[in-house]
Structure formats: structure tokens, C-alpha cells
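1. Sharing a sequence plus its predicted fold:
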Amino acid sequence: MTQDPSQRRDAAADRGLGRFRATADGGQPFDTPTRTPRLLLRDPGDESAGVDGAWWPRTGNLTTELHNLVTALTPRLGTTTRITFDWNSLSRSQRLIDPPDGIEVTGPLPDQPADVMYVYGPDDRRLRLLVIDPTTDPPHAEARIRKAVGATTDQPQS
């Protein structure tokens, strides 16, 4: 049986593949995440001179996971306005954040650690995320994530 192409719907669009959908004011949020980011944040009231959380991306092309990361950070940070990081060449060449997304994606700030991503929200509120290399073996990555946020092994993961 042949299906009439005019009746066929875009299956990818139906699944919500983390694509940007402008809100009434033309900004974020993004569609439903395609995968939950491997992310752990400190409790909102915990102050730290280090980082506010840790993120362990699944691929070396970090920009492919940015929509999911931004979506996960929105309840804590609000609308993301800027992300600064020492992007690798693969991420720079395959960036998936576009101007309509309303996010400025730039290189690192002076003195920004190479493995820390700064994610900014309204009024220049900032979250500092330790970025764990995606090739790190799982037990070592989990240990680094927990150490970064001061979590003990008996605390549940986010």
C-alpha cells in the first residue's frame, strides 16, 4: 500500500527531538529533551568557590547536547542567554545553537578554566559546570561529578 505523501507526517517532528520552538516572546524553551543530560547540580543554597555542578556529555561534539542541557538548567537558571566555553574544533564546526535560539555561544572568558562551562541566565546569573570528558570511564566520571558538587555516594543522582 502506498501512502499519500501529503498525508504523511514528519515522524522526527512528532517525537520532539529537542529542537527549538520559539515561545510567544520569541525565546526559549526548547522542545522535550531527546536524552536526559548526565548532570548533577549543587543544591541551590549551597555556596561554592568552585563549580555549581558537573556535566558528563555523551559525545565530543558538545553542541549536539546543548539544547538538552539548556532545557535541564532552565528551572534553576531561567532562560539561558549566553554560554562560554573552550569549545573543541568539532563542537565549533557543528554548532547546533542558532541565532533564533537567543543564546550567545562564545569562547572562554579570560581566566576561565578550560574544563568549566559558564551558562548565563537573566541578570547575568551564572552556573559554572565542570565538563567531564565524554570518554571518561563511568566509575571515574561519576566520582569526579560527585566530588565537584560535594555529594557523597549515598545521595541519589539527579
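-> Now that the structure is in, tell me what you want to look at.
2. What is the subsequent helix or strand relative to the helix-or-strand element of the chain with minimal mean pLDDT?
-> In the chain, no helix or strand scores lower on mean pLDDT, DSSP states H and E than helix 11-15, which sits at a mean of 36. Counting by DSSP states H and E, the element after helix 11-15 in chain order, helix or strand, is strand 39-41.
3. helices or strands up against that following strand?
-> If you count contacts as 3 or more C-beta pairs under 8 Å, 6 or more residues apart in numbering; DSSP states H and E, strand 39-41 packs onto strand 53-55, helix 66-77, helix 138-149. The way it works is simple: take the backbone N, C-alpha and C, and place the C-beta from them, glycine included.
4. Which of those comes out lowest on mean pLDDT?
-> In terms of mean pLDDT, the lowest-scoring of the helices and strands packed on strand 39-41 is helix 66-77 (a mean of 90).
5. Show me what the helix or strand just after it pairs with in its sheet, parallel or antiparallel.
-> Sequence order places strand 82-84 as the next helix or strand after helix 66-77, per DSSP H and E. Here strand 82-84 is paired, per DSSP bridges, with strand 104-106 (parallel), strand 116-120 (antiparallel).
6. ranking those strands by burial, who's on top?
-> Neighbour counts (mean count of other C-beta atoms under 10 Å) averaged over each of those peak at strand 116-120, with a mean of 21.
7. how much does that strand deviate in direction from helix 66-77?
-> Counting by axes from the mean of the first three to the mean of the last three C-alpha atoms, to 10 degrees, strand 116-120 lies at 60 degrees to helix 66-77.
8. quick one: strand 116-120 to helix 138-149, angle?
-> Using the same axes, to 10 degrees: strand 116-120 against helix 138-149 is 50 degrees.
9. any idea of the mean pLDDT for strand 116-120?
-> Averaging pLDDT along strand 116-120 yields 96.
10. Using PDB, write out every CA atom in it.
-> Provided in PDB are the C-alpha atoms of strand 116-120 (Å, rounded to 0.1, in the frame of the first residue of the first chain):
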ATOM      1  CA  VAL A 116      34.400  24.700  33.100                       C
ATOM      2  CA  MET A 117      31.400  25.900  31.100                       C
ATOM      3  CA  TYR A 118      29.700  29.100  32.200                       C
ATOM      4  CA  VAL A 119      26.000  29.200  31.500                       C
ATOM      5  CA  TYR A 120      24.300  32.600  32.000                       C
END
